[in-house]
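Colleague: Build me a model from this:
(chains A and B)
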Amino acid sequence: MEDNLLLQINNISVVYSDVIQVLKGVSLEVKKGQIVSLLGSNGAGKTTTLKAISGLLKPENGKVTEGSIIYQGRPIHNSAPEEITRLGIIQVHEGRQPFKYLTVEENLRVGTATRWGKPYKKDLELVYHYFQPLVARKNRLAGYCSGGELQMLVMGRALMAQPKLLLLDEPSLGLAPFLVREIFEIIKRINEEQGTTIMLVEQNANMALQIAHYGYVMENGKIVMEDEAVKLRENPDVKEFYLGTATSGALKSYKDVKAYKRRKRWL
Amino acid sequence: MEFFFQLMVQGLSVGFLYALAALGFVMIFKSSSVLNFAHGELLAIGAFIFLVFSVRLNLPIPIAFIFTLAGTFALGFIIERLFLRPLIGEALIEVIMLTVGLAAMFKGLLLVIFGGNLFNYPDFLPKGLTIQWGAVVIQPVYVASFIIGIIFLSVFGFFFKYSSQGIYMRSVADNQPAALSLGVHVRRVFALSWAIASLVCALSGIILGIMNGINVHDISVMGLKVFPVVILGGLESIGGAIIGGLIIGLLETFTGGYVSTSLKEVIPFVVLVFILLVKPYGLFGLVEIERV
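Modeller: Sure thing, here's the model as predicted:
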């Protein structure tokens, strides 16, 4: 095994409630210090893949039935979330899940749960350094913050845990384009300055591929394509389905627009 | 006027007692949304454990007191481990029904072991605690209730507001999946909340025992009293439990003193109905934060 490999997923299947199969043999690798982005349409299994890694399938009655997830050379696919988070894997849920009745700073302090009792002042400063707008909101209940502030809050909260691998689930969801740019800028800086490896699930493929080093495309619970982010951006299929930039001028016939027929080719 | 003061001080100290008992109830509800119907039985268990240590084993009072607190703290952990842990992930109503079962079981056990008689602690509170202004005389037990109430309520208030462990507990109550994703040990939080609840129950059980004597039925009925208190104050709020406790305590003593002792038990519930008409979440309950 290579030294710089942080996470390796080998052919995993995930089944919810013993009957609903969501992942059908997903394999992927995450190298240390990289941003890896996972693209795909709704229901492709991106979030499930993240939850399989972070161990958060269990509370939802999901299970990794086949395959293995190896993190730093040790299998983690059946560990409890408390153990996995202590290994440095922190997931940020889709759709921002703040603790509404806690203040912003208390929210951030929950991020220290994996190393209870250790000093956290430095981390707090670091989070406020990356997410300046939070400073002014310190003592306000998180439930009354704006969407952009909340996205910063939940990412900052995860950063408080000093993660080695940060799993971000759709950080751009429901944010204004300007803010999306800012958030992605921060993600990139965290990756470069803190050396945090990041796995990014996104609908906004354009932004995601701009900051990612490597990308995977998922469809129907399988990985259908993978490449360097730069090359993915040039790929005609990705361009058409995810970037929406393929049609340069000429109108296409209805036959060509039936995207789902062409997608079958990948499976 | 003296009678008024007498009632007021007495009402306040009974209020702190209720607040303390309600604190245990709020703890469990806050962290796991479970209504604990075995609350009164936890009060009784605490009172009887102290009885065993202080009278049957004849230990010095401070040591018996510390042993009781440690013992009930451990008991809370055991209850969580044996009965509640297996139900994690099941519907809430099943867990609530389980606490009804626990109540019956504890009460039965206490009756088997101690019988239904009235017991008394030795008179151990120092006479110096008695407060006297002219004709107003406050019994030591009320003063003790006052002091213990204030000490423990502020200790737990600070614990939840400022300590990391307290913040983790509140985070679990707020959004469990998010707490889980940050590595908060949710099962440990549940266990801790049961342990703390059972400890404060023991405290209030002991005070009740000093005031009225110790009888399985009498003390476990007191568990019912926490319902108007917590509903009045708001189920999730510790501050609310204190204010609710004080209001109910004062109401009760004033009704008992000025109107009639038989109305004493009813008035709190009547007031409760009126307050809920105006503030359905209770005085300090969480109003759902809705952002669209």
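Colleague: Run a quick neighbour tally on residue A:127.
Modeller: When neighbours are defined as other C-beta atoms under 10 Å in any protein chain shown, residue A:127 has 23 of them. Glycine gets a C-beta too; all of them are placed from N, C-alpha and C.
Colleague: now residue A:106
Modeller: Applying other C-beta under 10 Å, I find that residue A:106 has 22 neighbouring residues.
Colleague: so which residue of chain A comes closest to chain B?
Modeller: residue A:85 (3.0 Å; C-beta to the nearest C-beta).
Colleague: helix/strand/coil for the residue lying closest to that residue once chain neighbours are set aside?
Modeller: In this structure, residue A:85 finds its nearest non-sequential neighbour in residue B:183, 3.0 Å apart by C-beta to C-beta, 6 or more residues apart in numbering or on different chains. Three-state call for residue B:183 (DSSP: H, G, I helix; E, B strand; the rest coil): coil.
Colleague: Hmm, residue B:183 is touching residue A:88, no?
Modeller: No - taking C-beta atoms under 8 Å as the definition, residue B:183 is not a contact partner of residue A:88, at 9.8 Å.
Colleague: quick one, helices of the stretch 1-150 of chain A?
Modeller: A:46-54, A:81-86, A:104-110, A:121-130, A:133-137, A:147-159 (DSSP state H, counting those that start in this stretch).
Colleague: export these to JSON lines and tack on mean pLDDT and distance to residue B:215?
Modeller: Formatted as JSON lines, the helices of the stretch 1-150 of chain A follow (pLDDT from 0 to 100; distance: least, C-beta to C-beta, whole Å):
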{"stretch": "helix A:46-54", "mean pLDDT": "92", "distance to residue B:215": "52"}
{"stretch": "helix A:81-86", "mean pLDDT": "91", "distance to residue B:215": "43"}
{"stretch": "helix A:104-110", "mean pLDDT": "94", "distance to residue B:215": "43"}
{"stretch": "helix A:121-130", "mean pLDDT": "92", "distance to residue B:215": "52"}
{"stretch": "helix A:133-137", "mean pLDDT": "92", "distance to residue B:215": "53"}
{"stretch": "helix A:147-159", "mean pLDDT": "93", "distance to residue B:215": "50"}
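Colleague: Throw those helices into TSV and include distance to residue B:120, thanks.
Modeller: Shown next, in TSV, are the helices of the stretch 1-150 of chain A (distance: least, C-beta to C-beta, whole Å):
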stretch	distance to residue B:120
helix A:46-54	56
helix A:81-86	47
helix A:104-110	45
helix A:121-130	53
helix A:133-137	56
helix A:147-159	53
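Colleague: Residues in contact with stretch B:144-159: which ones?
Modeller: For stretch B:144-159, the external contacting residues (C-beta atoms under 8 Å, 6 or more residues apart in numbering or on different chains) are B:12-14, B:16-17, B:19-20, B:23, B:125, B:129, B:165-166, B:196, B:200, B:203, B:207, B:210-211, B:238-239, B:242.
Colleague: ok, 6 Å please
Modeller: B:13, B:16-17, B:20, B:125, B:166, B:207, B:238, B:242 (C-beta atoms under 6 Å, 6 or more residues apart in numbering or on different chains).
Colleague: ditto for stretch A:217-233
Modeller: Contacts for stretch A:217-233 (C-beta under 6 Å, 6+ apart): A:22-24, A:26, A:39-40, A:44-46, A:209, A:212-216, A:238, A:266.
Colleague: repeat for stretch B:53-65
Modeller: B:67-68, B:124.
Colleague: Buried members of the residues you listed into ChimeraX, please.
Modeller: Buried members of those, defined by 16 or more other C-beta atoms under 10 Å in any protein chain shown, are picked up in ChimeraX with:
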select /B:67,68
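Colleague: Now intersect the contacts of stretch B:53-65 with the helices, please.
Modeller: B:67-68 (DSSP state H).
Colleague: List, one by one, the residues from the stretch 101-250 of chain A near chain B.
Modeller: For the stretch 101-250 of chain A, the residues in contact with chain B (C-beta under 6 Å from any C-beta of the partner chain) are A:101-102, A:106, A:109-111, A:113-114, A:116, A:143.
Colleague: Flag whichever of the residues you listed scores worst on pLDDT.
Modeller: Comparing pLDDT over those, the lowest score belongs to residue A:116 (82).
Colleague: Next up, the contacts around the residue of the stretch 51-200 of chain B found nearest chain A.
Modeller: As assessed by C-beta to the nearest C-beta, chain A sits closest to residue B:183 within the stretch 51-200 of chain B, at 3.0 Å. By C-beta under 6 Å, 6+ apart, residue B:183 lies in contact with A:85, A:113-114.
Colleague: remind me which residues of the stretch 1-150 of chain B are low pLDDT?
Modeller: Within the stretch 1-150 of chain B, no range satisfies pLDDT under 70.
Colleague: residue ranges of the strands in it, please?
Modeller: B:131-133, B:136-138 (DSSP state E, counting those that start in this stretch).
Colleague: can you pull the pLDDT of residue A:248?
Modeller: In this model, residue A:248 is scored at 51, pLDDT.
Colleague: Ignore what I typed, I meant residue B:240.
Modeller: According to the model, residue B:240 carries a pLDDT of 84.
Colleague: correct me, but it touches residue B:234?
Modeller: Yes - under the criterion of C-beta atoms under 6 Å, residue B:240 makes contact with residue B:234 at 3.9 Å.
Colleague: one step back: among the helices of the stretch 1-150 of chain A, which is nearest residue A:74?
Modeller: helix A:81-86 (10.4 Å; C-beta to C-beta).
Colleague: where's that closest one relative to the chain centroid, distance-wise?
Modeller: 17 Å (C-alpha atoms, centre = their mean, to the nearest Å).
Colleague: Checking residue A:238 next. Helix, strand or coil?
Modeller: From three-state DSSP, the assignment for residue A:238 is helix.
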